[in-house]
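Asker: below are the sequence and a predicted model for it; my questions follow.
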Amino acid sequence: MAVFTAVSLDDLTLLLKKFPLGNAIAIKGISSGIENSNFFIETERGEYVLTIFENLSFAQLPFYLQLMRHLAERGVLVPAPVPDESGELVVPLHGKPAAIVSKLEGTSQMAPQPVHCAAVGAMLARMHLAARDFPLQQPNLRGLDWWNDTTPLVLPFLDERNAHLLRAEMHFQSAFAACDHYHRLGRGPVHADLFRNNVMFVGERLTGFFDFYFAGCDTWLFDVAVTVNDWCIDLATGVLDSSRVRALLDAYHAVRPFTADEQAAWQPMLRAAALRFWLSRLYDLYLPREAEMLTPHDPTHFERILRERIATPAPELFA
Ligand SMILES: Nc1ncnc2c1ncn2[C@@H]1O[C@H](COP(=O)(O)OP(=O)(O)OP(=O)(O)O)[C@@H](O)[C@H]1O
Ligand SMILES: N[C@@H](CCO)C(=O)O
C-alpha cells in the first residue's frame with residue numbers, strides 16, 4: 001500500500017482547474033513505491049501521474065522537476081512535468097507539495113537481458129550529457145556526508161561482523177573520496193537510484209526513466225555503479241553477470257566514453273554504490289519514519305553485494 005495521502009475525484013477536479021488538462025475523468029492510487037503517494041489520473045487531455053511528496057519540501061522539489069523538464073526538452077525519455085496556468089510545476093494538495101507528470105507507457109523489466117541493459121546504459125549516458133548545462137545545483141543527499149551521519153545511528157544495531165564491515169568500508173570510502181583521481185571524475189546531475197523498477201520498457205524498447213527524487217549532483221561513475229549493481233547482477237548472490245555488464249557499459253561508453261580516471265575508480269565506486277543502499281536500507285529498517293507503512297527493503301542484499309565487490313576484481317570499464 002503506497003497511498004499515504006488519499007485524493008478523491010472531487011479533489012482532482014478542483015486541482016485540475018489550475019491545469020491545462022481539461023476535466024478530471026478518473027483517479028486510481030498506485031500500490032507500489034515507498035516514498036510518495038502516486039496516482040494514475042485520466043483527464044480530457046490524456047493519462048498522467050499525480051504524485052504527492054510525503055517527505056520532500058516545496059523548497060527541494062524544483063531541482064527534481066526542473067531537471068525532468070530539462071531532460072524531457074532534450075529528448076531524454078523521462079516523464080515531462082506539466083506546469084499549471086501560472087507556470088508552477090509544484091502545487092499544494094492537502095497541504096503537501098504535488099506535481100503532475102506525463103505517464104510513460106510500458107512496464108518495468110524485472111528480469112533484464114543484455115538488450116535491456118544496453119538500452120539503459122545508452123540512455124543513462126545521454127542523460128548525463130543532456131544534464132551538463134542544467135543550471136540548478138543540489139548535492140546527492142545520500143552521498144558521503146549522509147553516510148557519515150547515518151553510520152553511527154545504525155552501528156548499535158549491527159553484530160560485530162557487520163559493524164566491522166561498515167566501519168572499514170566508511171574508512172575506505174573516505175580515503176577514496178579524498179584522492180586525486182576521484183576529484184578528476186566527470187560529474188553533474190545524476191539519477192542515483194536507477195533500479196529495474198525505475199525504468200519502463202515496451203518489449204525491448206526503453207520508454208523512460210522515472211522516480212528522480214534521489215537525483216543530485218555527483219560523479220557520473222557513481223550513477224553507472226548504482227545502475228550496474230542492480231541491472232547486471234544475479235539477484236540471489238549479487239554476483240555480476242558479465243554479458244549484462246558488458247552490454248550496459250559498452251552502450252554507455254559508445255555515447256559518453258569513459259576516462260582512465262573512471263577506470264581507476266571503478267571498483268571503489270561499485271563498493272560505494274553498494275554501501276549507499278546497504279546504509280539506507282539499514283536506516284529504514286532500524287530507524288523507520290513514523291508514517292512508514294511498508295515492509296522495508298532487505299539490507300542483507302546490499303551487504304552481500306558489498307562483500308562481493310570487495311572480494312572480486314571489477315570488470316573492465318572499457319576495453
Ligand atoms: N511517469 C510515470 N509513468 C508511468 N508510471 C509511473 C510514473 N511514475 C510512477 N509510475 C508508477 O508508479 C509506481 C510508483 O512510483 P515510484 O517508484 O516513483 O514511487 P515512489 O514511492 O516514489 O518510489 P520508490 O519506492 O521507488 O522510492 C511505479 O512503479 C510505476 O508503476
Ligand atoms: N532503490 C532503493 C529504494 C528507494 O528508491 C532500494 O532498493 O533500496
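Answerer: In hand now; what should we look at? Ligands and ions are numbered 1, 2, ... in the order given.
Asker: in three-state terms, label Met200 for me.
Answerer: Assigned with DSSP: H, G, I helix; E, B strand; the rest coil, Met200 falls in the strand class.
Asker: do Leu129 as well
Answerer: helix.
Asker: so who does it touch?
Answerer: 255-256 (C-beta atoms under 8 Å, 6 or more residues apart in numbering). Yep, even glycine has a C-beta here, placed from its N, CA and C like the rest.
Asker: likewise Ala178?
Answerer: Contacts of Ala178 by C-beta under 8 Å, 6+ apart: none found.
Asker: for Ser86, give me its contacts.
Answerer: Lys18.
Asker: any idea how far it is from Pro20?
Answerer: 11 Å (C-beta to C-beta, to the nearest Å).
Asker: do Thr219 as well
Answerer: Thr219 is 38 Å from Pro20, by C-beta to C-beta.
Asker: what's the neighbour count on Met68?
Answerer: 23 (other C-beta atoms under 10 Å).
Asker: please tell me how far Leu65 sits from Val226.
Answerer: Taken as C-beta to C-beta, the span from Leu65 to Val226 is 21 Å.
Asker: check the residue nearest the centre of the chain and give its pLDDT.
Answerer: Centroid check for the chain by C-alpha atoms, centre = their mean gives Asp193 as the closest residue, at 2.0 Å. Asp193 carries a pLDDT value of 98.
Asker: doesn't it belong to a helix?
Answerer: No: assignment of Asp193 by three-state DSSP gives coil, placing it outside any helix.
Asker: up against ligand 1, what does the stretch 51-200 of the chain have?
Answerer: Neighbours of ligand 1 within the stretch 51-200 of the chain, by C-beta under 6 Å from any ligand atom: 79, 101, 103-104, 197.
Asker: redo that, cut-off 8 Å
Answerer: With C-beta under 8 Å from any ligand atom as the criterion, the stretch 51-200 of the chain comes near ligand 1 at residues 51, 79, 101-108, 193, 195, 197-198, 200.
Asker: of these, select the buried ones using a ChimeraX command.
Answerer: A single ChimeraX command is used to select the members of those judged buried by 16 or more other C-beta atoms under 10 Å:
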select :51,79,101,102,103,104,193,195,198,200
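Asker: among the residues of the stretch 51-200 of the chain next to ligand 1, which ones lie close to ligand 2?
Answerer: 193, 195, 197-198.
Asker: ok, residues contacting the one helix or strand in the chain whose mean pLDDT sits lowest?
Answerer: Ranking every helix and strand in the chain by mean pLDDT, DSSP states H and E puts helix 180-183 at the bottom, with a mean of 94. Contact partners of helix 180-183, identified using C-beta under 8 Å, 6+ apart, comprise 176, 219, 261, 264-265.
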